[in-house]
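J.: with the sequence up front, the predicted model follows.
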Amino acid sequence: MPQLVLVNPQIPPNTGNIARTCAATRTQLHLVGPLGFEITDRYLKRAGLDYWPYVSLKIHPSIDAFIEFRLQQPGRSVGYSVRGACSQFKFQFHADDWLLFGSETNGLPDQILEHCAATVYIPMSEPGVRSLNLSVSAAIGLFEARRQLSME
């Protein structure tokens, strides 16, 4: 099953919404610090509603700590970026992929992109729109991977 990774998320409601999506799909969620909020933030908790007990959550204090952990795990790191090399709809996902998303303001840092086996983007029709909301992007990415893998 794919895993979802948020690197340096800044906005608590986005992370809460993503946690809720992860709870509904039984997807492991990794948060990589530094975070732009406290994990006890009321907006984070509110966005996740009462689903936090259903979230399989792992917090990594830093990018270095995450990379060290990640290198010991199976699967590919797939980085989502507006500068990705391939549309996510043309990319073939694997069951053990790790879907990595960067912060709302900066995207994935180069230090993470260097460790990605592939980078993908979510196609958008309007060139004037730079990016989608992080929680929307994470849901689109996760559900495309699940669709390809015939996961209900």
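T.: Ah, there it is. Numbering: from 1, shown residues only.
J.: which parts of stretch 15-31 are buried?
T.: 15-23, 25, 27, 29-31 (16 or more other CB atoms under 10 Å). Quick note: C-beta positions are derived from backbone N, CA and C, even for glycine.
J.: so can I have CSV of those residues showing pLDDT and secondary structure?
T.: Listed next are the buried residues of stretch 15-31 as CSV, based on pLDDT from 0 to 100; DSSP: H, G, I helix; E, B strand; the rest coil:
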residue, pLDDT, secondary structure
Thr15, 92, helix
Gly16, 90, helix
Asn17, 92, helix
Ile18, 95, helix
Ala19, 93, helix
Arg20, 92, helix
Thr21, 96, helix
Cys22, 97, helix
Ala23, 95, helix
Thr25, 97, helix
Thr27, 98, coil
Leu29, 97, strand
His30, 98, strand
Leu31, 97, strand
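J.: ok, so of those, who is nearest Asn8?
T.: Leu31 (9.0 Å; CB to CB).
J.: name the nearest residue to the closest one, ignoring sequence neighbours.
T.: Once flanking residues are discounted, Leu31 sits nearest to Ile59: 4.9 Å by CB to CB, 6 or more residues apart in numbering.
J.: got it, and Gln92?
T.: Take Gln92 and drop its neighbours on the chain: the residue closest to it by CB to CB, 6+ apart is Gln148, 6.9 Å away.
J.: likewise Gly102?
T.: Leu108 is the one closest to Gly102 (CB to CB, 6+ apart), at 3.6 Å.
J.: look up how far Ala24 lies from the one you found.
T.: Distance of Leu108 to Ala24, given as CB to CB, to the nearest Å: 24 Å.
J.: what's in contact with the strand or helix carrying Ile67?
T.: In this structure, Ile67 sits in helix 63-70 according to DSSP states H and E. Residues outside helix 63-70 that contact it (CB atoms under 8 Å, 6 or more residues apart in numbering): 5, 7-8, 30, 32, 60, 77, 98, 109, 111-112, 115.
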